[in-house]
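>>> can't give you the sequence, but here's the structure:
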């Protein structure tokens with residue numbers, strides 16, 4: 001089965017990980033008046049329900065051995081007594097928060113017919129109301145949530161699959177658990193998943209993660225709608241905070257919700273063999289029903305990205321933020337160019353390409369150390385930053401070098417052995433520096449580079465400029481906003497580097513020079529070779 005035709009995505013300037021609730025003055029005053037009355041009462045009653053559920057939820061597995069805990073609790077008093085109580089109190093939580101009723105379209109399939117409920121779009125922590133509508137199916141959750149009072153007890157009650165995303169072994173165990181449960185032919189209860197994996201503003205469906213589709217069993221797509229005048233529930237990566245979302249939602253007299261069950265989706269053999277294909281096709285089906293685009297956006301860690309082949313392109317490139325910070329600190333364009341020149345000189349010097357915050361500030365000509373710390377934080381989790389990443393990513397978005405010269409400089413910096421070819425790790429690091437974000441899945445690109453032999457600079461340039469997938473990277477990512485780039489002339493003329501440094505000052509500032517191997521192919525060299 002081929003991939004279904006995508007509901008064509010038109011990427012807007014504001015990506016789906018941003019949502020800000022805009023209120024008129026009248027709405028703001030109304031919210032303040034109602035909120036000051038309703039929010040304390042509603043939050044108090046909801047918290048009270050959670051506190052009551054806490055000890056009751058612990059009773060579900062109390063006294064059971066590890067072996068018994070590894071089996072579903074589907075019979076006996078632990079099921080017929082405790083399950084209805086927890087369901088009632090869970091429903092009461094959302095009732096008190098203003099979710100007085102749910103409108104339901106379609107019918108929920110049984111757990112044997114559809115072991116998985118795939119729910120989208122994922123808009124907020126308030127989406128958890130769907131668990132009460134679906135009779136508390138099992139879920140997959142981060143292991144860190146176990147430590148949250150009451151929530152940890154409810155996850156235990158639910159016999160949830162817990163995963164530590166930072167631990168590879170934990171992720172592997174979770175995959176095994178999910179497959180075992182979904183292929184148990186009704187032995188385990190139905191499982192509910194949000195395949196987007198994070199919350200969005202609902203304007204698109206972001207790329208589905210394959211977790212719900214790994215077992216190759218039928219899934220029932222479930223759509224969530226919030227048909228309200230004010231879109232208060234959404235909580236995203238940037239914009240409205242969870243506190244604001246809760247306040248604005250509880251300030252409304254009520255919140256309308258529609259749960260729509262779509263027909264069960266039974267995968268073809270090809271989809272069973274390829275969970276990513278299965279996930280993509282279900283995503284496109286749900287997006288088409290919603291009337292919104294199915295996109296390749298994804299949240300990696302805390303970085304909003306767009307998938308392109310195996311590459312992950314940040315939607316908020318750190319290079320643009322870096323340029324903004326430099327300008328805010330008072331640097332003019334010419335001073336930014338001079339700072340980048342000093343940076344590339346430093347990369348080729350004996351001092352090397354690593355620098356701390358205290359070194360970065362004078363290197364960039366910054367007067368404020370805090371600005372240097374912010375720039376460092378965009379590229380590194382500690383106080384040491386790779387100057388190659390800053391130089392290449394900032395240069396790529398600013399248009400200071402033609403792409404061919406930029407690629408030559410990048411190749412020279414990452415050809416660790418000066419052999420004229422790159423290892424798989426080198427390719428991953430080089431692409432990460434160019435786009436300003438670590439790249440963990442460059443196997444596809446490296447394979448393409450190696451088809452004709454060693455992955456040389458010429459081969460890298462050929463693949464990036466002729467391959468249909470990577471052509472998009474060049475045309476969309478390396479063209480500065482509002483600037484029409486001029487195709488660079490060849491930097492290699494009889495073994496000498498041409499000057500494609502459009503926009504750079506003429507004080508001998510060029511791309512890194514070439515040296516020529518015996519066979520005539522260009523080999524990168526150090527500047528002072």
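Perfect, I can see it now. All figures in this text were calculated on a predicted structure; none of them were measured in a lab. Numbers count the residues shown, from 1 in each chain.
>>> shaky segments in the stretch 351-500 of the chain?
Low-confidence segments of the stretch 351-500 of the chain (pLDDT under 70): 479-500.
>>> Show me the strands in it, by range?
Applying DSSP state E, counting those that start in this stretch to the stretch 351-500 of the chain gives strands spanning 354-356, 384-386, 492-493, 496-497.
>>> what's near enough to touch the nearest residue to residue 449 once chain neighbours are set aside?
Leaving aside its sequence neighbours, residue 449 sits nearest to residue 455 (C-beta to C-beta, 6 or more residues apart in numbering; 3.7 Å). Glycine gets a C-beta too; all of them are placed from N, C-alpha and C. Contacts of residue 455 were listed using C-beta atoms under 8 Å, 6 or more residues apart in numbering, and they are 421-422, 427, 446, 449.
>>> out of the residues you listed, which one sits closest to residue 63?
The shortest approach to residue 63 among these belongs to residue 446, at 53.8 Å (C-beta to C-beta).
>>> contacting residues for the closest one?
Residue 446 is in contact with 424, 427-428, 455, counting by C-beta under 8 Å, 6+ apart.
>>> Closest to the centroid, which residue in this structure?
residue 299 (0.7 Å; C-alpha atoms, centre = their mean).
>>> Run through this protein and note the low-pLDDT ranges.
Filtered on pLDDT under 70, the chain yields the residue ranges 1-14, 479-529.
>>> What residues of stretch 401-416 count as buried?
Residues of stretch 401-416 classed as buried: 401-415 (neighbour count, 16 or more other C-beta atoms under 10 Å).
>>> How about stretch 192-207?
Buried positions in stretch 192-207, judged by neighbour count with 16+ other C-beta under 10 Å: 192-202, 204-207.
>>> wait, doesn't residue 343 sit right on residue 392?
No - the criterion here is C-beta atoms under 8 Å, and residue 343 misses it with residue 392 at 9.9 Å.
>>> The nearest residue to residue 372 once chain neighbours are set aside: how many residues sit nearby?
Closest residue to residue 372 apart from its sequence neighbours, by C-beta to C-beta, 6+ apart: residue 361 at 3.9 Å. Residue 361 has 21 neighbours, counted by other C-beta atoms under 10 Å.
>>> ok, residue 361 - contacts?
368-369, 371-372.
>>> Show me how the record splits the chain into domains.
Annotated domains of the chain cover 18-301, 318-524 [automatic domain parsing].
>>> Can I get those in a markdown table including distance to residue 308?
Shown next, in a markdown table, are the domains of the chain (distance: least, C-beta to C-beta, whole Å):
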| stretch | distance to residue 308 |
| --- | --- |
| domain 18-301 | 7 |
| domain 318-524 | 6 |
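>>> do you know which of those lies nearest residue 307?
Ranking these by proximity to residue 307 (C-beta to C-beta) places domain 18-301 first, at 4.2 Å.
>>> dump the residue contacts of residue 478.
By C-beta under 8 Å, 6+ apart, the contact set of residue 478 is 396-397, 403, 406, 434, 485.
>>> Just give me the closest of these to residue 142.
Of all these, residue 434 has the smallest distance to residue 142: 31.7 Å, by C-beta to C-beta.
>>> Quick check, that closest one in contact with residue 397.
No - using C-beta under 8 Å as the test, residue 434 is too far from residue 397 to be in contact (9.9 Å).
>>> Neighbour count: the two, which is higher?
residue 434 (27 against 21).
>>> Find the residue closest to residue 463 in space, skipping its chain neighbours.
Residue 463's closest residue in space is residue 448 (C-beta to C-beta, 6+ apart), at 5.3 Å.
>>> go on, residue 212?
What sits nearest to residue 212 in space, not counting adjacent residues and going by C-beta to C-beta, 6+ apart, is residue 193, at 4.2 Å.
>>> Roughly how far does residue 170 sit from residue 354?
Computed with C-beta to C-beta, to the nearest Å, the distance linking residue 170 and residue 354 is 32 Å.
>>> Nothing else from me, thank you.
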